[in-house]
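Trainee: sequence-free structure coming up:
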Ligand code: DAH
């Protein structure tokens, strides 16, 4: 018992006096280690009488935990002191340059998609999405392109199953939207589409489109023109002009192709085709269970790659997919612009 008291007293005093983490480590080994003072005391338990043994054992444990506590306190105290003195002695050079951060840049395709959405949300459009692997019915049939319709030739389709395709356009989302909502409907549907093309400077088997759809009791061709003009200005600046040419799509009647021209565009002197659009065909409205006598509207669809290439003067579509940082980082300053 006497010996224990002595061990405790020295240990506590030395713990208080310890100045470095090595001091504490050494003290810990000397007292608590296998061959340390307390270890020896433990082993001497065998020499005492069986009546004395539990009392002495309990006492040893008490002493041990008090010493451990004192050592832990010392560690904390020394940690703080070491940091303070490191700071005071200027071991941290706050003038060293920081580690360089490389901020990301938005992808050109994302920029265009965002611009379309940002231009048209003030008109009440919200964003909708549809599946990439699609049933034939939503991709073709309900868009007024029955099985043997020649318009299907334009879409070199990847078939996944007999009646399942990788969607060839975002127009499938028109159908899915109208089947689940009642007019008024105003949606934008951006996303990936697939066509069986070989990758070259102007073609890719995977590309992106954005679709617009507006159905209401009275959504007219004049409204369509207004929306398209708003979109052109959003993408190509306040001086952008649009021109409509008659065209054909099975799911719209009448149908138009939309050209744009703007001084902002490198090729800005001439008209550039950017979009397909038209008044939603009554047959399509019937497919989704709308009454063509009561509601009408218009749709438009455009390729995001093509818009990006025109706007940013990109001459090879593959640049958009290759993740070359020298290319990608050129769009850094355009974030949120
Ligand atoms: N889906 C057409 C295509 O991929 C583009 C298109 C044209 C979409 C006219 C439309 C539209 O919504 O009205 O070629």
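Mentor: Nice, I can see it. All figures in this text were calculated on a predicted structure; none of them were measured in a lab.
Trainee: give me the sheet partners of the one helix or strand residue 301 maps to and which way each runs.
Mentor: Residue 301 is part of strand 296-303 when elements are defined by DSSP states H and E. Sheet pairing of strand 296-303 (DSSP bridges) gives strand 206-216 (antiparallel), strand 272-280 (antiparallel).
Trainee: so what pLDDT did the residue of the stretch 101-250 of the chain found nearest the ligand get?
Mentor: Closest approach between the stretch 101-250 of the chain and the ligand, counting by C-beta to the nearest ligand atom: residue 169, at 3.4 Å. (C-beta placed from N, C-alpha, C; glycine too.) Per-residue pLDDT puts residue 169 at 97.
Trainee: residue 4 too?
Mentor: For residue 4, the predicted pLDDT is 88.
Trainee: how about residue 336?
Mentor: pLDDT recorded at residue 336 is 53.
Trainee: do the same with residue 29
Mentor: With respect to pLDDT, residue 29 scores 90.
Trainee: so what's it closest to, chain neighbours aside?
Mentor: Using C-beta to C-beta, 6 or more residues apart in numbering and skipping residues adjacent in sequence, the residue nearest residue 29 is residue 36, 6.3 Å away.
Trainee: please report phi then psi for the residue nearest to residue 233 when sequence neighbours are not counted.
Mentor: Spatial nearest neighbour of residue 233, chain neighbours left out: residue 240 (5.1 Å); criterion: C-beta to C-beta, 6+ apart. Main-chain torsions, residue 240, degrees, to the nearest 10: phi -60, psi 140.
Trainee: repeat for residue 184
Mentor: According to degrees, to the nearest 10, residue 184 has phi -70, psi 140.
Trainee: again with residue 247
Mentor: In terms of degrees, to the nearest 10, the main-chain angles of residue 247 are phi -150, psi -170.
Trainee: also residue 237?
Mentor: Taking degrees, to the nearest 10 as the convention, residue 237 sits at phi 90, psi 160.
Trainee: by mean pLDDT, which helix or strand of the protein comes out lowest?
Mentor: None of the helices or strands of the chain scores lower by mean pLDDT, DSSP states H and E than helix 37-43, at a mean of 83.
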